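# Just the structure for this:
(2 chains)
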Amino acid sequence: MSALAIELVVAAVQGTVGLLAAASRPGRGWAFFVYGATAVASAIGFLTVLVFLSSGSPPAAVVLPLGLPWIGAHLRLDPLAAWFLLVLHLGSAAASLFALGYDAEPPRPRAVLPAYAGFLAAMNVVPLAADAFSFLFAWEAMSLFSFLLVLVHHEEGENRRAAYVYLLMAGFGSVCLLLAFGLLAGRDGSYAFADMVQHRLAPWAAAAVFLLAVLGAGSKAGLFPLHVWLPLAHPAAPSHVSALMSGVMTKLAVYSFVRIVFDLVGPSPWWWSVPLLVVAAATAVMGVLYALMQHDLKRLLAYHTVENIGIIFLGLGLALAFRASGLALGAAIALTAALLHVLNHMLFKSLLFLSAGAVLQATGERDMEHLGGLVHRMPATALAFLLGSMAISALPPLNGFVSEWLTFQAILVSPALPQPLLHYLVPVAGALLALAAALAAACFVKAFGVTFLGRARSSAVADAREVDRFQLAAMFGLVALCVFVGIVPAGAIGLLRGVTQTLAEGAVLGEGWLTGWLSLAPAGALRSSYNGLVVLSFVLFSAGASAWSVHRFASARLVRGPIWDCGYPDPSPATQYTAASFAQPIRRVFGSVVFRAREQVDMPPPGDPTPARLVVRLVDPAWNWLFEPLAARVAEVTERLNRMQFLTIRRYLVLVFLALVALLVVIALWQV
Amino acid sequence: MSGIDIELARLMATLMLVVSFMLLYQDRLAGLINAYALQSGLLALAVAAQAHAQEAPHLYVTALLALVVKGLAIPLALHRIVLRLGVHREIEKVIGVGTTMLFGLAVTMLAVLVVLPVTETAAALTREDLGFALAIVLLGLLTMISRRNAVSQVIGFMSLENGLILAATGARGMPLVVEVSVAFSILIAFIVVGIFLFRIRERFDSVDVHALDRFRGELP
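Predicted coordinates:
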């Protein structure tokens, strides 16, 4: 069987499992069956695309008699689709494996299990679809199933609001993509991707498609300021679904952007990269700043997804700029960096969400201010979370470092670009990227430190139990992959060869920049190179040497004594450093400008027993300056249009008549 | 196909358009129903001419249906309804006759302007038929909105449908099933509206839709 056939069977199996779960009355055994079947199917799908990519097989296409009559469903497996399927299958296998333990007895099996399997099946079809109808159908199915999963705990009003905002934004994104496909097909064109590639657009139409793709894919991926649904919806879903939504679904949005802008539109002018770079850099910095202000563990992770989407789109913007100027090597580096970061972000973000899910299951808490000291109760989860934090903070030799380093390499090649505007813009974007990376590290010091170190802040945390073996297997599988991609990035980059060859002006990656299978030297061996094994051995050696020397020279002189606690006799866990206090310096430096953060201290007068209060007020710029005014306008307009609900029959007919005449006039004028 | 068929079909379509204008200025119910019967008869002739021109025998069935159902049965039924309702035989207009006719002219011009450039590649007969058909549809809609009387709204609606049938038969290879189903839905609509007319009259002693609006408490 060909790889495409196996992928289709995997999607069909996942869909069938979902249908079975929907048709029956699922119980405990059903959760095991659904998650087990999806995990096995995902693993098979992963191996298939791995073989497909590493053997460099030619693209395969098939037209199935499904969907619209006479049109059918065009499906195609090419290297780009295969890469995203690889990411998808890895993520879904890990999430399903985790759910075997985490969600073994789902609170609402009929709500969770069918939607979960359907979600996986729909995500499977998105990269395979090769015509606009199948693509949008799978895309919408993906949105709707994930909407249902966000609504699983619908008794909480916050979740209902999250789901509502998500549904609105998903609808907006789909409309944008629909219009983009309409423009791509042209007036009498066909909706198959193969015909769209042949069809060359007028410059204004191509620019409109580009902007619609930024809006459509960006709203799904979480580009600032269209990210608002993401930190609401991702944490509301069950944790394994959060991992999928953050790790995989946002990546499929990246896929749709790459497919439309790099593949279907064809050659692009250089100025397209300008808005993309600006938005991407803003997304990266804003995402991490939002994350720093959060004390909810899962919401913090969701905001980091926003940040990483910014990094990915920064790479894509650079690739667009390089490609437009014919600099194939730069385009290949930037595109590789972005696509590698897609894989890396899926790996560490899934890992972090699964660890957060483990913490949530063990303690019932998501608020970091109520956690603490978990490293003693859940050492394995703490280790997994620590490694995930190191990866997302781009510490070598883990995988996050490789892709961010590659992005910086692309930025360093940018002086070769001929446009003066980009000479100024790209270094600024690079500086913002560096800022985002540094702040991300600070943020994860906070997340790990407050959650796992120190002492327990509540009794539920003090009695936490380590999670079961399925969950640990899922987490440590992802840890192993994070380390593997960090140390041997050439393995993953080699799989991307087919993608960059087709999309980056045929740049050849094999010669000159994969020197050996351990070392990366993208811009030539003389400029800079990265060798994961060397870095790893250096890290291990220096860490071991310092640990040994500290132990050798200092441990013997350690004296344990009572701590100084400002004179209080009984040190309470509440006196520990909190997440808010950790973030305070950064909030004062950045937040006072970006979020208009204001602190207010209510100090009761002497003799008054009420506690003193510190109130921090933040203003969310996306809500305050974009969405709330927009919602107010919409409400105003609907209020006015409301009167049209109570017209007489004849007046309705007049409206129909006038609308018809107006449209005919438009057509008549159009032809003149 | 012979030239005279095409000319005949075109003539009939043109006459249908003229009758559409007649519908616009009728101020008595009987005259309105008779004009509709005339238009349906012309439709039957136009379709028959098309059938001959296109050598499509199934169109004769459509022509026969149009003649029997729309040319005879429905007008007779409407006359009976009007008699049995015993309502005023005059129609209250919303817009004056002159203005309505001017609107009608503008709409017809618009229809021709829209259709002719779109169908440059189509056969000549289809082109003009489509233009006439669109004009008839728009005039039917205009008839519906320029009257307050429920019977005249029904007539406007069925005249609109005549335009649709004209367009459908002008296009080559239109399956009979589609025509039959369109005709059938019109019949159902006619029956439903007929029943409603009686109900409205029982309730308000009038078929002026104004009474309905007053009943809904939206007009003084």
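# How are the strands of chain B distributed by residue range?
Counting by DSSP state E, one finds no strands in chain B.
# which residue ranges form the helices in it?
Secondary structure of chain B (DSSP state H): helices located at B:3-25, B:29-54, B:58-65, B:74-85, B:97-118, B:124-145, B:150-170, B:176-204, B:209-215.
# Tell me the buried residues in stretch A:584-594?
The neighbour-count check on stretch A:584-594 (16 or more other C-beta atoms under 10 Å in any protein chain shown) flags A:584, A:586-587, A:590-591, A:594 as buried. Any C-beta I mention is one placed from the backbone N, CA and C, and that applies to glycine too.
# Can I get stretch A:227-245 as PDB, trimmed to CA atoms?
What follows is stretch A:227-245, C-alpha atoms only, in PDB (Å, rounded to 0.1, in the frame of the first residue of the first chain):
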ATOM      1  CA  HIS A 227      -4.900  35.400  19.400                       C
ATOM      2  CA  VAL A 228      -7.500  36.400  22.000                       C
ATOM      3  CA  TRP A 229      -9.500  33.100  21.700                       C
ATOM      4  CA  LEU A 230      -6.400  30.900  22.200                       C
ATOM      5  CA  PRO A 231      -5.500  31.600  25.800                       C
ATOM      6  CA  LEU A 232      -9.200  31.200  26.700                       C
ATOM      7  CA  ALA A 233     -10.000  28.000  24.700                       C
ATOM      8  CA  HIS A 234      -6.800  26.000  25.000                       C
ATOM      9  CA  PRO A 235      -6.800  25.800  28.800                       C
ATOM     10  CA  ALA A 236     -10.500  25.100  29.000                       C
ATOM     11  CA  ALA A 237     -10.200  21.800  27.200                       C
ATOM     12  CA  PRO A 238      -9.000  18.600  28.900                       C
ATOM     13  CA  SER A 239      -5.300  18.600  29.100                       C
ATOM     14  CA  HIS A 240      -4.500  16.100  26.400                       C
ATOM     15  CA  VAL A 241      -6.800  18.100  24.100                       C
ATOM     16  CA  SER A 242      -5.000  21.300  25.200                       C
ATOM     17  CA  ALA A 243      -1.800  19.600  24.100                       C
ATOM     18  CA  LEU A 244      -3.300  18.800  20.700                       C
ATOM     19  CA  MET A 245      -4.800  22.200  20.200                       C
END
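# I'd like the distance from it to the chain centre, please.
Relative to its chain's centre, stretch A:227-245 lies at 10 Å (C-alpha atoms, centre = their mean, to the nearest Å).
# same thing with stretch A:82-97?
On C-alpha atoms, centre = their mean, the centre of stretch A:82-97 falls 13 Å from that of its chain.
# Name the residues of it that are buried.
Neighbour-count burial for stretch A:82-97 [16+ other C-beta under 10 Å]: A:82-97.
# need the next SSE after the longest helix along chain A, C-terminal direction.
Ranked by residue count, the top helix of chain A under DSSP H comes out as helix A:328-363. Moving toward the C-terminus from helix A:328-363, the next helix or strand (DSSP states H and E) is helix A:374-377.
# Am I right that residue A:62 sits in a strand?
Yes. With DSSP: H, G, I helix; E, B strand; the rest coil as the criterion, residue A:62 is part of a strand.
# Please work out how many residues are found near it.
16 (other C-beta atoms under 10 Å in any protein chain shown).
# residues touching it, list them.
Contacts for residue A:62 (C-beta atoms under 8 Å, 6 or more residues apart in numbering or on different chains) come out as A:4-5, A:8, A:74-76.
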